[in-house]
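Engineer: for reference, the sequence and a predicted model appear below.
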Amino acid sequence: MLKYMLFEGGLYKHERILEFLEDVGGFLVQKTVAGLDLIMNLALPEEELEGLSKIVSDLKGKLTYAPLVGTEIGVVAPTLSRHHLPHPACDIAENLRRHGAKTNIIGLSRGVGQKIVHTTTKEKELIEEHDIAVFTLGNFETCLLKKTRLFNEIEVPVIVTGGPLMKVIQGAEAYVGGIGRYPERARTGETIDRLREVSRVAGELVEERRREMDLDPLVVDPIIVKGEIERQVPESTEALSPNPVTLKIDGVRVKLLYDEYKDRIGGVDIEGRKLSEFATIKRSLMRNYILVKVLPKSMF
Amino acid sequence: MGEIKIFVDSSDEFGGQQYKYIAEKSVEDLGLGGSIESIGMVIRIEEPVFIIAIRYKEVTGKNTLGEAAYIDSRKNGIRVTLSSEIFLGDALKALWSKYGRDRVEQIGRLEIFVSGGDPEEVKGIRLSEKGYDLESRISELAARIIPEGFRVRGSTKKKGMLTIIASEDPITEGWRKLAAKLEEETRA
């Protein structure tokens, strides 16, 4: 089983890590360079972790376990108005990214009020394109309890955040209190701890999903699909969108236009088989991108 | 600048405290600290209704530079002394467009010197098309604080006081009485 790790350190001699990954069959998921600093999201076989730790310690870097690496999380705000954005949705999204996730922020058209609140079919489909959805709700317990219809029918795991310090909320896998509607950036230790709690809970849900998937594994690990798409369709790495081939738990999102590239993506050769033979390739509701979902072995 | 009094009467205590914090920060964001005297809120989330009363210092709209500043002649031009800093941006903009940047110099926090200007002409210069619109900023403040889902709104405006009742249902007589009481408390 692959272990997902986050490396934080300097650029100096980081090629040693890349060479090691190549040798042991590991993968580089994402590489971010900021000046002389470097952050890399990595995946490698669990048994090779000790070897990697030695190199990282030689390079005076930091290596942390990050289950959120290789996931795409949707942070859903009730609307796109200043009441709900940028804080706290952006704070939550930023903290998830710090833990390795790729995030998208979604604003609903009618996520407000106790009576008019609802999620449209299109919004539901868009949210379900993600591995996990985080709904950022407000400060009143009564309101929160009436807004469960926002996420009741969402089929991916849902985390709800809100002001009241309740333990659970019906219809969601987890609830994190203490993050309601607030009008400025989270700066105090207490609020930042709540943001970390969201990332921790999301990490647990991802681990659980990956454990479940181990019982019926995918035909090919999505990380291999990502690598092959990048190699065989070089345009995918040149797309201007951030993270042009985004890794998800059960597939990838390729940020190229569906109509122009669907056949080439479907024709990518992986271990002697075409990608379209063991994965569904469909149009994403997000900017007509391509959504690839690898099928489990039990379907063949 | 005196301290702004903000009080909340909420059926949900935790939510009420958060809204007090939201009000404080919204006043800060809009730079209205010097204009607001007090803000009162009544929140009955189970009904649901949100009432806000904002008491503010009225600023008379100044349309021309003559109304907003004291103007006196000097040796090579005229000196404009503004009565308040809030007119500074508009005054500079108006003078620059009339005389050009070379002839207009800001010599102090509230003072502008115009080389070779005619006092009568300067007095008649319009500050801006609309003038300083405090009331629209007070309305903006209320809109930022009130929960977005409460779209049925009824507002009353009296001298230096704006009260808004917001809900999802048609506004009842009981809420109007509650608003009148809140208005009194905010004025006190």
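Structural biologist: Now that the structure is in, tell me what you want to look at. In this text, all values refer to a predicted model and were calculated from it rather than measured experimentally. Numbering: from 1, shown residues only, chains lettered A, B, ... in the order given.
Engineer: what sits against A:Arg194?
Structural biologist: Contact partners of A:Arg194, counting by C-beta atoms under 8 Å, 6 or more residues apart in numbering or on different chains, are A:Thr161, A:Val176, A:Gly177, A:Gly178, A:Ile179, A:Ala186. In this view, the C-beta of every residue, glycine as well, is placed from N, C-alpha and C.
Engineer: report the two of those separated the most.
Structural biologist: A:Gly177 and A:Ala186 (14.3 Å; C-beta to C-beta).
Engineer: so which elements touch the strand or helix carrying A:Ile127?
Structural biologist: Using DSSP states H and E, A:Ile127 maps to helix A:121-128. Secondary-structure packing of helix A:121-128 (3 or more C-beta pairs under 8 Å, 6 or more residues apart in numbering or on different chains; DSSP states H and E): strand A:72-77, strand A:102-107.
Engineer: now render those as JSON lines, adding mean pLDDT.
Structural biologist: Below are the helices and strands packed on helix A:121-128 laid out as JSON lines (pLDDT from 0 to 100):
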{"stretch": "strand A:72-77", "mean pLDDT": "97"}
{"stretch": "strand A:102-107", "mean pLDDT": "96"}
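Engineer: most packed of the ones you listed?
Structural biologist: Each of the helices and strands packed on helix A:121-128 was scored by mean neighbour count; the highest is strand A:72-77, a mean of 26, by mean count of other C-beta atoms under 10 Å in any protein chain shown.
Engineer: count of neighbours near A:Gly162?
Structural biologist: Under the neighbour criterion other C-beta atoms under 10 Å in any protein chain shown, A:Gly162 is assigned a count of 26.
Engineer: need the pLDDT of it.
Structural biologist: Listed pLDDT for A:Gly162 reads 95.
Engineer: ok, the one 3 residues further on next?
Structural biologist: Turning to A:Leu165, the model gives it a pLDDT of 91.
Engineer: correct me if wrong: B:Arg126 contacts B:Asn63.
Structural biologist: Yes - the criterion here is C-beta atoms under 8 Å, and B:Arg126 meets it with B:Asn63 at 6.1 Å.
Engineer: of those two, who's got more company?
Structural biologist: Ranked by neighbour count (other C-beta under 10 Å), B:Arg126 and B:Asn63 place B:Asn63 first, with 16 against 11.
Engineer: leaving out the residues flanking it, which one is nearest to A:Thr119?
Structural biologist: Spatial nearest neighbour of A:Thr119, excluding adjacent residues (C-beta to C-beta, 6 or more residues apart in numbering or on different chains): A:Leu150 at 5.3 Å.
Engineer: my error: substitute A:Val29 in the last question.
Structural biologist: A:Asn41 (4.0 Å).
Engineer: contacting residues for the one you found?
Structural biologist: A:Asn41 touches A:Tyr4, A:Met5, A:Leu6, A:Phe7, A:Leu28, A:Val29, A:Gln30, A:Lys31, A:Ala66, A:Val69, A:Gly70, A:Gly100, counting by C-beta under 8 Å, 6+ apart.
Engineer: which SS class is the first one?
Structural biologist: The assignment at A:Tyr4 comes out as strand when based on DSSP: H, G, I helix; E, B strand; the rest coil.
Engineer: surely it is in contact with A:Leu63?
Structural biologist: No - shown here, A:Tyr4 and A:Leu63 do not form a contact pair, counting by C-beta under 8 Å, at 11.3 Å.
Engineer: so where's chain B uncertain?
Structural biologist: For chain B, the stretches with pLDDT under 70 are B:1-2, B:59-62, B:129-132.
Engineer: report the closest residue of it relative to chain A.
Structural biologist: Nearest residue of chain B to chain A, counting by C-beta to the nearest C-beta: B:Gly149, 2.9 Å away.
Engineer: how many neighbours does that residue have?
Structural biologist: The burial count for B:Gly149: 24, using other C-beta under 10 Å.
Engineer: confirm that it sits in a strand.
Structural biologist: No - looking at B:Gly149 with three-state DSSP, it is coil, so not inside a strand.
Engineer: so the longest helix seen in chain A versus strand A:72-77, what angle?
Structural biologist: Counting by DSSP state H, the longest helix found in chain A is helix A:189-215. If you take axes from the mean of the first three to the mean of the last three C-alpha atoms, to 10 degrees, helix A:189-215 sits at 140 degrees to strand A:72-77.
Engineer: and helix A:189-215, what's its mean pLDDT?
Structural biologist: Helix A:189-215 comes out at a mean pLDDT of 95.
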